[in-house]
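Peer 1: no FASTA, just this:
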């Protein structure tokens, strides 16, 4: 009976967690990735001339942060498989995350430079909504 309840609870958690993971919530990799061009096109109503510029900025961010994202991913995998402890990779992860945050700040500034005032306000709301979807995580500073 106890095993059945435990199994039922595990299935319930998996069923409830799947939609959240699909939305990017709770997925650390999503936080490290750049914004989706499609998401920004919709949220900011980008013009035909803005789309390729913003796309290029996102691709530059992805390329510039490829190495630190890979480092963090490898470190997380090693922690999961038990070959290292979190403490052993903490410093490397913090350095990688600092590079990603700096890249995201640069990306946000570069995107804002391409927007009109109405779009900038929508971008601010978009960033605030992202922060709400990732409780406990601070959004990048908006200037």
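Peer 2: In hand now; what should we look at? Since the structure is predicted, the reported quantities are computational estimates derived from the model, not experimental observations.

Peer 1: where do the helices sit along this protein?
Peer 2: 2-22, 28-32, 37-44, 50-64, 66-81, 86-113, 117-133 (DSSP state H).

Peer 1: Turn those helices into a markdown table, including mean neighbour count and mean pLDDT.
Peer 2: No exception for glycine: its C-beta is placed from N, CA and C like everyone else's. Output for these, formatted as a markdown table (neighbours: other CB atoms under 10 Å; pLDDT from 0 to 100):
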| stretch | mean neighbour count | mean pLDDT |
| --- | --- | --- |
| helix 2-22 | 10 | 41 |
| helix 28-32 | 15 | 54 |
| helix 37-44 | 16 | 93 |
| helix 50-64 | 16 | 96 |
| helix 66-81 | 15 | 95 |
| helix 86-113 | 15 | 95 |
| helix 117-133 | 14 | 90 |
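
Peer 1: who's in contact with residue 61?
Peer 2: 34, 103-104, 106-107 (CB atoms under 8 Å, 6 or more residues apart in numbering).

Peer 1: which two from the residues you listed end up farthest apart in space?
Peer 2: Pairwise distances across those (CB to CB) peak at 11.2 Å, for the pair 34 and 106.

Peer 1: Could you pull up the residues touching residue 114?
Peer 2: Per CB under 8 Å, 6+ apart, neighbours of residue 114: 50, 53-54, 57.
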